[in-house]
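Participant: this one's structure only:
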């Protein structure tokens, strides 16, 4: 029977991804980066809970990681790693609601989600490129991350630093786990009870404080962390994480000469509300992250520079969306055929999402629209959401059924 089980596992590696009838509860990670060799030695202990009786195998996303070993209760289970998936045959089947742990040692090298420079390392969205994980937004877990930094480097990572480890203490999708380390300049300032930390040569504290206040007022919810860190790194990174944003150092240079170019700073900060604070249940409703962040960045520019700037940004979103539609690429905003992180980007969730929200605002009036957004934020903070949740909040604020409008744009 064991031989047949292994054959079945090997066969699935070339087929569609396995269903994943388990939930990860916690990742305990230890990373030892080597800048010179451009590699990271990693070890993770994953605590998971079976959702079925007799769970015989666990499938994880592992990108191109080099898996050195897997241990389950000091036993070495059979595992296969191919096509970016790591399948581990459990020593004995797990019963429903039974909690197990797996400890995986591995090496991570440069990949789409892990970027190396001679003096910097940082992650970008694809967590499975540096951490074996169930890298799906509907499987939320906590994180403890210990990083042994090379000499003369500074580190930023998701969550709260307790002096030893970075802690993400609320269950969170893995794509919001991130870190950066390097030979960065560092500055901090405290604003309204929040420490604004900057790594890299950038003078962004004042506009960041303005954005924080604007979003707190418009959403009805203050920034929830004690610290917000912006890292200005080499390359083209633009990535949100828990309490952390990674941005290109070229953007800092742009801001030095064009301080009004705040859209990207605002967009990424908006994700601390709509991605971190409120998380889309799965990739189907990714627009609830990206459409809202895009629209709120536009609204901030309106607040700071006037209505004409807002209209300019909304029309830009409209043009980008219509270009996609003209190529036959239009999709509903809530789109279940988006199944993994490689498929969900592009103009639809960002720019169709922003244009729809602008149209919703126009039809409902400012007072009703912002009341609806505050209600949505209050009712769903720290919970996974769907487009139906957003529609219900807007229905309530408007005191009417908006289903026809949502059917046209969203479903």
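Facilitator: Good, I have the coordinates. Given the structure is predicted, the values throughout are model-derived calculations rather than measurements. Numbering: from 1, shown residues only.
Participant: pick out the residue closest to the middle of this protein.
Facilitator: residue 176 (3.5 Å; CA atoms, centre = their mean).
Participant: so that residue touches residue 240, yeah?
Facilitator: Yes - using CB atoms under 8 Å, residue 176 makes contact with residue 240 at a distance of 7.1 Å. Placement of C-beta: from N, CA and C, glycine included.
Participant: between those two, which contacts overlap?
Facilitator: Shared contacts of residue 176 and residue 240, defined by CB atoms under 8 Å, 6 or more residues apart in numbering, comprise 275, 276.
Participant: quick one: end-to-end length of stretch 59-74, please.
Facilitator: End-to-end span of stretch 59-74 (CA to CA, to the nearest Å): 19 Å.
Participant: how far does it sit from the chain's center?
Facilitator: Chain-centre distance of stretch 59-74: 22 Å, with CA atoms, centre = their mean, to the nearest Å.
Participant: okay, now residue 148: neighbour count?
Facilitator: A count of nearby residues for residue 148, using other CB atoms under 10 Å, gives 13.
Participant: same deal with residue 181?
Facilitator: Residues lying near residue 181 (other CB under 10 Å) number 24.
Participant: kindly report the same for residue 94.
Facilitator: Using other CB under 10 Å: residue 94 sits among 23 other residues.
Participant: repeat that for residue 399.
Facilitator: A total of 7 residues lie near residue 399 under the criterion other CB under 10 Å.
Participant: do residue 93 as well
Facilitator: 15.
Participant: for the residue lying closest to it once chain neighbours are set aside, give me its contacts.
Facilitator: Nearest non-adjacent residue to residue 93, counting by CB to CB, 6 or more residues apart in numbering: residue 54, 4.1 Å away. Listed by CB under 8 Å, 6+ apart, the contact set of residue 54 reads 93, 94, 95.
Participant: which SS state does the first one fall under?
Facilitator: This points to residue 93. Assigned by DSSP: H, G, I helix; E, B strand; the rest coil, the conformation of residue 93 is strand.
Participant: for residue 23, see how far away it is.
Facilitator: Per CB to CB, to the nearest Å, residue 93 is found 17 Å from residue 23.
Participant: same deal with residue 173?
Facilitator: Taking CB to CB, one finds residue 173 at 12 Å from residue 23.
Participant: for residue 237, same thing?
Facilitator: 30 Å.
Participant: buried residues, stretch 251-261. List them.
Facilitator: 251, 252, 255 (16 or more other CB atoms under 10 Å).
Participant: in what element of secondary structure is the first one found?
Facilitator: The reference is to residue 251. For residue 251, the element it lies in under DSSP states H and E is helix 249-257.
Participant: please state the offset of that helix from the chain centre?
Facilitator: Computed by CA atoms, centre = their mean, the chain-centroid distance of helix 249-257 equals 24 Å.
Participant: tell me the helices and strands packed up against the helix or strand that comes right after it.
Facilitator: Using DSSP H and E, the helix or strand that follows helix 249-257 towards the C-terminus is helix 263-270. Applying 3 or more CB pairs under 8 Å, 6 or more residues apart in numbering; DSSP states H and E, one finds that helix 263-270 contacts helix 205-219, strand 227-233, strand 244-248, helix 249-257, helix 287-305.
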